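Asks: Got a sequence here, can you build the structure:
(3 chains)
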Amino acid sequence: MKKPAAPPPSTPPTERNFFHDVYEVVRLIPPGRVSTYGAIAHYLGTRQGSRAVGYALNASNLDALTAKREHPVPAHRVINRLGQLSGRHHFPTPTAMQERLEAEGVRVEDATVVDFNRLFWDPSKELE
DNA sequence: CATGTGACTGTGG
DNA sequence: GCCACAGCCACAT
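Replies: Prediction:
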């Protein structure tokens, strides 16, 4: 038999397991609420994988396929633990993230979500 | 398989 | 509260 060596089939740019999981959770964030990279990572089991979450969201935004789905990933609702829009520079325009949030009623000042603590949506607690 | 990178986070000074 | 360092995860080269 040929030894397959289990090669990852050419790494399909869309939807790896981890990425898919991230997208699923992010889609569950209600409009007008926000979550954090760390909270999502923790919910997925990788408590220290917050960077990977951002990595996945970045991919979702760049990937036109993923971005144009019927249920696009609301990546603008994911911010860092300080309530800052740390990912804003990865959107089509530097202000897109803030504008999308404000369109949902989330106030943003100085690249930071106002009342972040109150709007914070933690999948580990909300979804349980 | 080693190295580098990043939309992060926790800890210590 | 701010800055510097270190740790972890997934992915590209």
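Asks: Look at the closest residue to A:Val53 other than its chain neighbours and say how many residues are nearby.
Replies: The shortest distance from A:Val53 to any non-neighbouring residue, by CB to CB, 6 or more residues apart in numbering, is to A:Tyr37 (4.4 Å). Bear in mind the C-beta positions are built from the backbone N, C-alpha and C, glycine included. Neighbour count of A:Tyr37, defined by other CB atoms under 10 Å: 23.
Asks: contacting residues around A:Tyr37?
Replies: Contacts for A:Tyr37 (CB atoms under 8 Å, 6 or more residues apart in numbering) come out as A:Ser50, A:Arg51, A:Val53, A:Gly54, A:Val78, A:Ile79, A:Asn80, A:Arg81.
Asks: just checking, what's the longest helix in chain A?
Replies: helix A:50-62 (DSSP state H).
Asks: circling back: now do the phi/psi pair for the residue nearest to A:Val53.
Replies: When read as degrees, to the nearest 10, the backbone of A:Tyr37 gives phi -60, psi -40.
Asks: Quick check: phi and psi at the spatially closest residue to A:Tyr43 that is not a sequence neighbour.
Replies: Computed as CB to CB, 6+ apart, the closest residue to A:Tyr43 that is not its neighbour in sequence is A:Pro123, at 4.0 Å. Phi and psi for A:Pro123, reported as degrees, to the nearest 10, are phi -60, psi -40.
Asks: still on that earlier bit, and the longest helix of chain A, what other elements does it pack with?
Replies: Helix A:50-62 sits against helix A:17-27, helix A:37-43, helix A:64-67, strand A:78-79, with contacts defined as 3 or more CB pairs under 8 Å, 6 or more residues apart in numbering; DSSP states H and E.
Asks: For chain A, give me the ranges with low pLDDT.
Replies: Along chain A, the parts satisfying pLDDT under 70 run over A:1-16, A:64-65, A:67-68.
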